[in-house]
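Engineer: the amino acid sequence is not available; the structure is as follows:
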């Protein structure tokens, strides 16, 4: 059995996968459980709880974590944990791998099936061309894959923290607004779950929109304002929320194109994270693809790049399991 995990500051998801052969495993986990991360002192404590009733023989373990991994150690945002792959290996008695959560998603990309994806643009993929992954969730993650002659190898990045580059006069005003308040304005500040409220605040303060009292009160009482803004936008009842979501999608289209250009992802770009599947009809009706293609002299090349939405919520688990399988085989 392979133990895989998707580790975040809010929740930790663990799963067991049955190996089915030398090069693969059963696609669906045999067991999966979700744990509130902040109710446990460490990842090891969650693993112990998860395996308590499972009398299985492990052949490998791998965990995708929300943050950079250095020397197989990682700290998780909003938690006091320090995760060390070596200490987990000692406890489990099997080789354990830590990888960035976007690298974990990228690991799964070559194995995704038609039902795991929604095609925004079919394009003309180049065989063995590089692939890119961008994932707006709570934050903004980015990764890429390169063909090594036999298979795709995934690589992490912290591209979501690169400086935001506006592509319209409204976005220039948005950047100016947040530069005065933050100094460094990254893409994550505007193109993620934490970014949607920042766009909303800018549009509200610009004076062109009316904020209904009920919405102001609801947002003031909420721990997470993003679902309220997004759901209100989808209803179409409040222009302030509709335009917030529209601007978010425009920024996402621009940055997805930036990533595609940087890694020359002629094999396709895959959009993951928790937000895109929830706003799929809005994405399909927005200017997202137009902004993806509008890259001047490279527009023709951009039009050939396939664009997919990853809608399988367990994609990070699958990617971690593939990493555990690869490590077990070596």
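Structural biologist: Yes, it's here. Keep in mind that what you see is a predicted model, and the values were worked out from it rather than measured.
Engineer: give me the buried positions along stretch 54-64.
Structural biologist: 58, 59, 60, 61, 62, 63, 64 (16 or more other Cβ atoms under 10 Å). Where C-beta positions appear, they are placed from N, C-alpha and C, glycine not excepted.
Engineer: then stretch 64-81?
Structural biologist: Buried residues in stretch 64-81, counted by 16+ other Cβ under 10 Å: 64, 65, 66, 67, 69, 72, 74, 76, 79, 81.
Engineer: per-residue pLDDT, the third one?
Structural biologist: Going back to what we said before, that points to residue 66. Model confidence at residue 66, given as pLDDT, is 82.
Engineer: grab the nearest non-local neighbour of it.
Structural biologist: residue 8 (4.6 Å; Cβ to Cβ, 6 or more residues apart in numbering).
Engineer: also the last one?
Structural biologist: In space, and not counting its chain neighbours, residue 81 is closest to residue 42: 5.7 Å by Cβ to Cβ, 6+ apart.
Engineer: which ones among the buried residues of stretch 64-81 are found in strands?
Structural biologist: Using DSSP state E, 64, 65, 74 are the members of the buried residues of stretch 64-81 that sit in strands.
Engineer: can you give me the buried ones in stretch 267-276?
Structural biologist: Neighbour counts over stretch 267-276 (16+ other Cβ under 10 Å) mark 267, 268, 269, 270, 271, 272, 273, 275, 276 as buried.
Engineer: ignore the last one, stretch 99-116
Structural biologist: In stretch 99-116, counting by 16+ other Cβ under 10 Å, buried: 99-112, 116.
Engineer: distance between it and the chain's centre?
Structural biologist: 10 Å (Cα atoms, centre = their mean, to the nearest Å).
Engineer: returning to what we had before: which residues touch the residue nearest to residue 66?
Structural biologist: Counting by Cβ atoms under 8 Å, 6 or more residues apart in numbering, residue 8 makes contact with 37, 65, 66, 76, 101, 138.
Engineer: what's across from the closest residue to the fifth one other than its chain neighbours in the sheet?
Structural biologist: Taking Cβ to Cβ, 6+ apart, and ignoring the residues beside it in sequence, residue 101 has residue 64 as its nearest neighbour in space, at 4.2 Å. For residue 64, the beta-bridge partners under DSSP bridges are residue 6, residue 99.
Engineer: if we can go back for a sec, from the buried residues of stretch 64-81, which two are the most distant?
Structural biologist: 72 and 79 (17.7 Å; Cβ to Cβ).
Engineer: thinking again about what came up before, return the closest of the buried residues of stretch 64-81 with respect to residue 210.
Structural biologist: Residue 210 lies nearest to residue 66 out of these, by Cβ to Cβ, at 36.6 Å.
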